[in-house]
Every structure is written in C-alpha cells, then in structure tokens.
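# Next input, structure requested:
(2 chains)
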Amino acid sequence: DQQVKQNSPSLSVQEGRISILNCDYTNSMFDYFLWYKKYPAEGPTFLISISSIKDKNEDGRFTVFLNKSAKHLSLHIVPSQPGDSAVYFCAASRTNNNDMRFGAGTRLTVKP
Amino acid sequence: DGGITQSPKYLFRKEGQNVTLSCEQNLNHDAMYWYRQDPGQGLRLIYYSQIVNDFQKGDIAEGYSVSREKKESFPLTVTSAQKNPTAFYLCASSMKGRTEAFFGQGTRLTVV
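Down below sits the predicted model:
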C-alpha cells in the first residue's frame, strides 16, 4: 500500500515560469514532510521540509505548501531554471520515528 | 570530508548467492536507512535503524537482513531469498528524530 503518492510522473515547464509538483499522502500519522531532488545514478539530496504545524515554508525559490485536511502538499519553484531539471521526490514521516516513506517521484524538465 | 559512503558502486552476483552492501557515515548520525529504487519507481524502505543495536523492518524487508553494531555502519545483506534483487540500493543517514537525510551515491546490484 503506497502511503505517499505522486500522481504526475513528469512535468515540463518553460524557464522563468512556475513549477508546481504535487504529492498526496494517506497516513494521517505523518506529521513531517520533505522534498528531495535526485539526478540519475546519484542519491537524493534534501531540498525543503515542512512540519504539520505549518501550512507554508519558503526557502529562496522553493516553497512547500501543506493542506492537512486534504492530505496534500505541493512544491512551488519560482522562477524555474534549467538546472532544476531532475526527479523530485516527496517524502513523509512521523516525528521522532525515522520511518520516512517516499512517493514515486516527478521528473521535472525546465526548457530554456 | 563528512558524508555517507556506499560501496561498491556496481556489484554483480550470481543468482542464489548472498551479497552484502556496505554503508558508512561519518556524520555522527544516529539514524540510518536502506532504500531500494527500481526503474520508474520511487524509493521503498527496506530497513531503518534509529540507534545502535536496534533496527526495524520497512515495507519490503523480506529477503534482506541488516546489522547495526556500530553507529557509523549499517550493512545490508541481500539474501538468496530475495526474489528480485536486481535494483539500485540507497543508504541514508539522519539525526535521530529528523528525516532530513543525507544519501549515499547508491549501489547498483545486478544478479545474473
């Protein structure tokens, strides 16, 4: 049973525009959410996170929004740059329990 | 340099043989994880450990075994009981209670 879902396997946007990546989760026990970025044949790198006590967290061009009632989070990248092209994974965990679960990933392509 | 090291990068084994994947970290992290990634799929949790001499099964632990005798080391053994062991294996570590994890570069295991 997949507890974290990313229903869009790919997304293509123009350089300078906004990229919006979506993620849904089913386990209401999750209270900490993360986004990771991954290049081929490498390990993921942490990008940004959000606790369930917040509904928004911003770090430069990256903003994560959390809607707890809908069990949905999204990652906004503004403005998108070609170097942002990668696979983005959504992850969820329970505070003080390191059982982090990942979605299937969304491949973002930013075209010049 | 501080980081997490997986070795080897590529590994070939004959069907029916056990194989052990190495994962070492010098970040002084308490928690360590093993994930498996198959083509076009996300990261699936195999095992995780929050503290030395303790570990928990993830979603796909069958056919795998781990040990956590030292804080810095979390080796994964892929046994002959694992039905489809060919995959990309990722090890990660994080501070206890946190899931902003650092990942290794991965080991691509091919069983022939």
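# where exactly do the strands run in the chain?
The chain I'm using is chain A. A:4-5, A:10-14, A:19-25, A:32-38, A:45-51, A:56-59, A:62-67, A:72-77, A:86-94, A:97-102, A:106-111 (DSSP state E).
# my question was about chain B
B:4-7, B:10-13, B:19-25, B:31-37, B:43-51, B:54-57, B:64-66, B:76-78, B:87-94, B:102-103, B:107-111.
# Would you format those strands as a markdown table with mean pLDDT and distance to A:N98 included?
In this view, the C-beta of every residue, glycine as well, is placed from N, C-alpha and C. Converted to a markdown table, the strands of chain B look like this (pLDDT from 0 to 100; distance: least, C-beta to C-beta, whole Å):
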| stretch | mean pLDDT | distance to A:N98 |
| --- | --- | --- |
| strand B:4-7 | 94 | 15 |
| strand B:10-13 | 93 | 26 |
| strand B:19-25 | 96 | 14 |
| strand B:31-37 | 95 | 4 |
| strand B:43-51 | 94 | 5 |
| strand B:54-57 | 95 | 9 |
| strand B:64-66 | 97 | 14 |
| strand B:76-78 | 96 | 16 |
| strand B:87-94 | 95 | 6 |
| strand B:102-103 | 94 | 13 |
| strand B:107-111 | 94 | 21 |
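# Reformat these as CSV; add distance to A:L34 and mean neighbour count.
Compiled in CSV, those are given as follows (distance: least, C-beta to C-beta, whole Å; neighbours: other C-beta atoms under 10 Å in any protein chain shown):
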stretch, distance to A:L34, mean neighbour count
strand B:4-7, 17, 18
strand B:10-13, 28, 14
strand B:19-25, 18, 19
strand B:31-37, 13, 26
strand B:43-51, 12, 21
strand B:54-57, 19, 14
strand B:64-66, 23, 20
strand B:76-78, 22, 21
strand B:87-94, 10, 24
strand B:102-103, 12, 21
strand B:107-111, 23, 17
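# What residues does chain A have near chain B?
A:4, A:6, A:9, A:32, A:34, A:36, A:41-46, A:49, A:89, A:91, A:93, A:95-105 (C-beta under 8 Å from any C-beta of the partner chain).
# Buried ones among the residues you listed?
Buried members of the residues of chain A next to chain B, scored by 16 or more other C-beta atoms under 10 Å in any protein chain shown, are A:4, A:6, A:32, A:34, A:36, A:43-44, A:46, A:49, A:89, A:91, A:93, A:97-105.
# Any idea which residue is closest to the centre of chain B?
B:W34 (3.1 Å; C-alpha atoms, centre = their mean).
# quick one: which of the strands of chain B is nearest chain A?
Among the strands of chain B, strand B:102-103 comes nearest to chain A, with 2.9 Å by C-beta to the nearest C-beta.
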